[in-house]
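Engineer: Take this sequence and fold it.
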Amino acid sequence: MKTTAKPTSFIAKPTSFIATPRRALLAAALLAGLAPWAGAQAQGAATYPNKPVRIIVGFPAGTGPDIVARLLAQKLSEGWGNAGVIVDNKPGAGGLIAASEAARAAPDGYTLMLGETGQLSIAPSSYNKLPYDPAKDFTAVSQVVTSDFVLLVNPQKVPARNVKEFVDWTKQQKGLFLATFGAGTPGHFGAFMFGDAVKLKPEPVHYKNTADALGGLFSGDVQGVFASVGLAAPNVKAGKLAALGTTGATRTNTLPDVPTIKEQGYANLEFSSWFGIVAPAKTPPEIIAKLNADIVKAVQSPEGKAKMEEAGFRVTGTSQQDFARTIAADTVTWGKAVAATGFKAD
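Structural biologist: So this is what the prediction gives:
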């Protein structure tokens, strides 16, 4: 029995050896079948883009996201030659309309979204039912910029010129009414963060857009608003509005004379938002990699960076992985702020 077992074991090796050419033939046939597909994928990445690329923006023309998208579109168009970039504004519902459309778009790299903190990191906590899932429906491409906020007041209606004076003044009023650019936005929850820091309970007044919110500030219907640096700067420099403090860790180069709120004694108050490009899930990784490289090159070029900073933004231009981590981390951070207010948008 032993002598029989040895040849049997020995014969198994040639059998395995004989099977190898067959497997090789099968593998070769399979690879031959896959070769056109693989070649098409490589060619698609190499020739991308060969037609106009659309960037969906969930906010009106002239707002911070729109400004960033248009500056980015200009630089990408220059680098891509004949392939243009179209900025498609789809305002409404705090950016949810745009995000819903972008999530359903074909994952081919020709429809992108300039996403922001509210759409991707706040909405999962502020809505019981979202028409999209930020974690499943999108692939991060690159964070483009970050934006600090500025506490603005109408100098014709509010006598304060710094945060402490504003707090003391509002305590003598019937309430602290702060405008927001929509329920569920960073400015909305930033207002609550401000209230916690200064020991006041704010009453957020939600407007449909930035123009209406600033109109409420000019009319005196609200006492203040947290606006992006880019939106605030022209009004501050023109003397139409007064900037009491910024929300970043350091002062912004756009308004260097305006101290941070932390500088003014409120050490726990720091928040900002970001804007970045995301693509529909299942967009080919080769396309994502090319998009990331081209976006980083565009925003970190001397001209691209200068224009973004001139508009009031801090240029980042991150890797895909870093942007994905930021979205995930901020979902937790803002989720806590949402929970503290008990707010639900639906």
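Engineer: can you pull out the helices in the stretch 151-300 of the chain?
Structural biologist: Applying DSSP state H, counting those that start in this stretch to the stretch 151-300 of the chain gives helices spanning 163-170, 186-198, 210-219, 229-237, 285-300.
Engineer: In terms of secondary structure, what does the longest one contact?
Structural biologist: When you say that, I think you mean helix 285-300. helix 2-47, helix 64-80, strand 138-153, strand 272-280, helix 302-310, helix 320-341 (3 or more CB pairs under 8 Å, 6 or more residues apart in numbering; DSSP states H and E). Where C-beta positions appear, they are placed from N, C-alpha and C, glycine not excepted.
Engineer: lowest-confidence stretch among those?
Structural biologist: Among the helices and strands packed on helix 285-300, helix 2-47 has the lowest mean pLDDT, at a mean of 44.
Engineer: List the neighbouring strands of the next helix or strand after it plus their orientation.
Structural biologist: Per DSSP states H and E, helix 2-47 leads on to strand 53-57 as the next helix or strand towards the C-terminus. Here strand 53-57 is paired, per DSSP bridges, with strand 85-89 (parallel), strand 111-116 (parallel).
Engineer: any residues touching the shortest one, and which ones?
Structural biologist: Right, strand 85-89. 52-57, 59-61, 66, 69-70, 72-74, 76-77 (CB atoms under 8 Å, 6 or more residues apart in numbering).
Engineer: hmm, 10 Å instead?
Structural biologist: 49, 52-63, 65-66, 68-79, 98, 101-102, 110-114 (CB atoms under 10 Å, 6 or more residues apart in numbering).
Engineer: show me where pLDDT drops low in the stretch 151-300 of the chain?
Structural biologist: Along the stretch 151-300 of the chain, segments meeting pLDDT under 70 are nowhere present.
Engineer: do that again at 90, thanks
Structural biologist: Applying pLDDT under 90 to the stretch 151-300 of the chain flags residues 174, 181-187, 208-211, 230-231, 268.
Engineer: then stretch 50-57 to CSV, C-alphas only?
Structural biologist: The C-alpha trace of stretch 50-57 is given here as CSV (Å, rounded to 0.1, in the frame of the first residue of the first chain):
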residue,chain,number,x,y,z
ASN,A,50,-12.4,65.3,-24.4
LYS,A,51,-15.7,67.2,-24.0
PRO,A,52,-17.0,69.9,-21.5
VAL,A,53,-17.0,69.1,-17.8
ARG,A,54,-19.9,70.3,-15.7
ILE,A,55,-19.4,71.5,-12.1
ILE,A,56,-22.7,71.6,-10.2
VAL,A,57,-23.0,74.3,-7.5
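Engineer: Buried ones in it, by neighbour count?
Structural biologist: 53-57 (16 or more other CB atoms under 10 Å).
Engineer: Can you redo the residues you listed as CSV, where the extra columns are pLDDT and distance to residue 202?
Structural biologist: CSV is the format used below for the buried residues of stretch 50-57 (pLDDT from 0 to 100; distance: CB to CB, whole Å):
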residue, pLDDT, distance to residue 202
53, 98, 40
54, 98, 38
55, 98, 34
56, 98, 32
57, 98, 28
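Engineer: Can I get those residues in CSV including distance to residue 188?
Structural biologist: Formatted as CSV, the buried residues of stretch 50-57 follow (distance: CB to CB, whole Å):
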residue, distance to residue 188
53, 31
54, 28
55, 25
56, 22
57, 19
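Engineer: Would you point out the most distant pair within those residues?
Structural biologist: Farthest apart among those by CB to CB are 53 and 57. That separation is 13.2 Å.
Engineer: Mutual contacts of the two, please.
Structural biologist: With CB under 10 Å, 6+ apart, residue 53 and residue 57 have common neighbours residue 73.
Engineer: Help me confirm that residue 266 comes into contact with residue 200.
Structural biologist: No: counting by CB atoms under 10 Å, residue 266 stays clear of residue 200, with 11.6 Å between them.
Engineer: Mind listing the shared neighbours of the two?
Structural biologist: 167, 194.
Engineer: Between those two, which is the more surrounded one?
Structural biologist: Between residue 266 and residue 200, counted using other CB atoms under 10 Å, residue 266 has the larger neighbour count: 20 against 16.
Engineer: residues contacting residue 146?
Structural biologist: When contacts are counted by CB under 10 Å, 6+ apart, residue 146 touches 117, 248, 272-276, 313-316, 318, 326.
Engineer: Tell me the one of the residues you listed nearest residue 222?
Structural biologist: residue 273 (20.1 Å).
Engineer: so who does that closest one touch?
Structural biologist: Counting by CB under 10 Å, 6+ apart, residue 273 touches 64-65, 116-118, 121-122, 145-149, 185-187, 190, 228, 247, 330, 334.
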